[in-house]
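# mind looking at a prediction? Sequence and model below.
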Amino acid sequence: MPKKKSNAKNWRPATLAIHGRGRLPKAHHAVSTPIVHTSNYYFETAGEVEDFMRAKGQGKVTREHEYARYGNPTQQETERKLAAIEAAERAVLYTSGMAAVLLVLMTYMKPGGHIIFTGDCYRQTRDFATNFLGKFGIAHAIADPTAEAIEKAIQPNTNIIFTESPTNPYLRVLDIPAIVKVARARNIMTIIDATLATPYNIRPLELGVDVVIHSATKYLGGHNDLMAGVALGSSALMTDLYKMQRMIGATPGPLTCFLLERGLKTFGMRMEHHNRAGLAVAQMLEAHPKIEKVWYPALPSHPDHKIAREQMKGFGSVISFLVKGGNTETRSFIDALELFLITPSLGGSESLVTQMSTMSFFDYPEEYRKKIGMVDNLVRLALGLEDVEDLIADLKQALDRV
Ligand SMILES: *Cc1c(COP(=O)(O)O)cnc(C)c1O
């Protein structure tokens, strides 16, 4: 086949999500990536094993696969596409977003070190910090989600700043260039969990962040039907992550990778829809007499509106708000919804709703729940791919019944 000149470097995210950085030879000339369900891959001769091992010792890869814990063809193709979308040199896939968070931290944390997390961060990330980091001799701080608060929290032994943007449920948007500047001046590594933004809406690597993490369970997979996570960055930084992934076997199986790669084919279209739907619903809610307050970064009332407009292309489909009243009013609203399923998560085809105080934070003492803003009338919506008009009509009829 004559080699064609490629324009891949000019492609945009929706195209990259389908083609990666260009065409590679595919088994059987299949258009989709075949699912290879095998735990091991055989060699033809004993000599081939020796040649393979010798080359591997010299850092050369002479064949793609040997054992399933080390990876599978669908995973490799999906990592390639994710790296292309994020404009990263390399992507490493994991069995879940939290596997990505923990393995990235475990790879880069240092005994005697100090890690700064941003407040309003993902519940399980916060729990790992408060319940487990100490066992490894690592201190941490949880700073408000602003560049100033993060800078103030820096200690002489701080070696990682772990951020999240936008945060959840208050959708705080961090001033990433300001944080990167502070971190670089002190040789501190920056990691961001950008699950809520996706590479469609924010480009942290281009803003100087070292490692980006996504829960691919959310918008990247996009259909509420799989679990996966991904870390992305330079080849140099990904090398140790890749070693850890293979060692532990936090490698997603071929079917999960197939579903994720399939989901990516509609990534661009889905994100356009999510961004449009998010804005329309947030504006409707903010104007509604039964709503006390709305958090959505596109609204001028959001505390980080200015930063969000500078940094983000769109604002996604997660919206948080307070229903006027208390527990009773909030629950009657949620129970009156027809299209929204009561369940956590976000970024899929079905619209979801959660009352934050009962869903993700119920086991915290009430005092602490209030302190971190998980009040009873706080509702989070994660809009799906339904027609926006139908979602708005459903929300309005449910609010009428409060
Ligand atoms: C869901 C989520 C995670 C965890 O991802 P899983 O795939 O559920 O393990 C981490 N961070 C953020 C921001 C999330 O929304």
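Received, thanks.

# only C-alpha atoms from now on, for both contacts and neighbour counts.
Will do.

# which residue ranges make up each domain of the chain?
Using automatic domain parsing, the domain parsing of the chain gives 14-36+72-264, 267-400.

# could you report the distance from the residue of the stretch 151-300 of the chain found nearest the ligand to residue 130?
Using C-alpha to the nearest ligand atom, residue 215 is the residue of the stretch 151-300 of the chain that sits closest to the ligand, at 4.3 Å. According to C-alpha to C-alpha, to the nearest Å, residue 215 and residue 130 sit 21 Å apart.

# residue 39 now?
37 Å.

# who in this structure is up against the ligand?
96, 97, 98, 122, 193, 195, 196, 215, 217, 227, 228, 229 (C-alpha under 6 Å from any ligand atom).

# which of these fall within strands?
193, 215, 229 (DSSP state E).

# nearest to residue 306, of the residues you listed?
Among those, residue 193 lies closest to residue 306 (C-alpha to C-alpha), at 20.5 Å.

# how about residue 22, what does it touch?
Shown in contact with residue 22 (C-alpha atoms under 8 Å, 6 or more residues apart in numbering): 6, 8.

# show the pLDDT at the residue of the chain found nearest the ligand.
Nearest residue of the chain to the ligand: residue 97, at 3.4 Å (C-alpha to the nearest ligand atom). pLDDT for residue 97: 98.

# tell me the buried residues in stretch 372-384?
374, 375, 376, 377, 378, 379, 380, 381, 382, 383, 384 (16 or more other C-alpha atoms under 10 Å).

# start to end distance for it?
27 Å.

# same question for stretch 328-343.
19 Å.

# what comes up buried for that stretch?
329, 330, 331, 333, 334, 336, 337, 339, 340, 341, 342.

# and those residues as TSV, adding pLDDT and secondary structure?
As requested, the buried residues of stretch 328-343 are arranged in TSV below (pLDDT from 0 to 100; DSSP: H, G, I helix; E, B strand; the rest coil):
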residue	pLDDT	secondary structure
329	96	helix
330	97	helix
331	96	helix
333	98	helix
334	97	helix
336	98	helix
337	98	coil
339	98	coil
340	98	coil
341	98	strand
342	97	strand
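
# out of these, which comes closest to residue 259?
Looking across the buried residues of stretch 328-343 and measuring by C-alpha to C-alpha, the closest to residue 259 is residue 341, at 21.9 Å.

# what bridges to that closest one?
Listed beta-bridge partners, residue 341: residue 352 (assigned using DSSP bridges).
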